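*Asks:* Just a sequence and a predicted model for now, questions to come.
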Amino acid sequence: MKRLILLLLLGFSGLLVMAQKESGIVYSEHDAIGKTRALWAAMIQGDKEKFCSFFADSVILVQNDKMNNLLRNDMGRFVDYWKRFTKAEIKDNPPAYPDAIDYKPGGLWVQDWIVCTGRDTESGINLKMPCHNLYRFDKNGKINLLIQ
């Protein structure tokens, strides 16, 4: 009886292991994560050319369920907007941290959770805005989709 129960448990365990399917690899350290951090650093520094250099020629931007097809240089509007802020910072939002996910059929994605802070010089309002971003990278290592 003990052998039968042991065999059943081993057989069931084997079925569970075979039922799992890997779809990609998750990285906590990856070049693409460094690119997303450098992207936001360029924005805070007001370097529109460097900021736009991280994007593909054509970019899909999705913000709050609104999708826009933009050209690389159109992404510079982020930099223009942030020029209004003093003491601007973009930091990780712990306990979350960025991940790079290399999906076998779907390519390379990065997701991060950040907090944007600063003081709007026009309104005087202090901003503290948590944001979750998803970035899809093309084969050239450029961002071709940004979902916020």
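*Replies:* That came through fine.

*Asks:* where does the chain dip in pLDDT?
*Replies:* For the chain, applying pLDDT under 70 flags the ranges 1-2, 4-20.

*Asks:* The longest strand anywhere in it pairs with which strands?
*Replies:* Longest strand of the chain, by residue count under DSSP state E: strand 107-120. Take DSSP bridges as the rule and strand 107-120 pairs in its sheet with strand 85-92 (antiparallel), strand 99-103 (antiparallel), strand 126-137 (antiparallel).

*Asks:* quick one: the helices in this structure?
*Replies:* 2-19, 31-45, 48-53, 77-82 (DSSP state H).

*Asks:* So which residue is dead centre in the chain?
*Replies:* Most central in the chain under C-alpha atoms, centre = their mean is residue 111, positioned 2.8 Å from the mean C-alpha point.

*Asks:* you'd agree it is up against residue 134?
*Replies:* Yes: counting by C-beta atoms under 8 Å, residue 111 does reach residue 134; the two are 5.1 Å apart. The C-beta positions use only the backbone N, C-alpha and C, and glycine is treated the same way.

*Asks:* So which bits of stretch 77-85 are buried?
*Replies:* Residues 78, 79, 82, 85 are the ones in stretch 77-85 that count as buried (16 or more other C-beta atoms under 10 Å).
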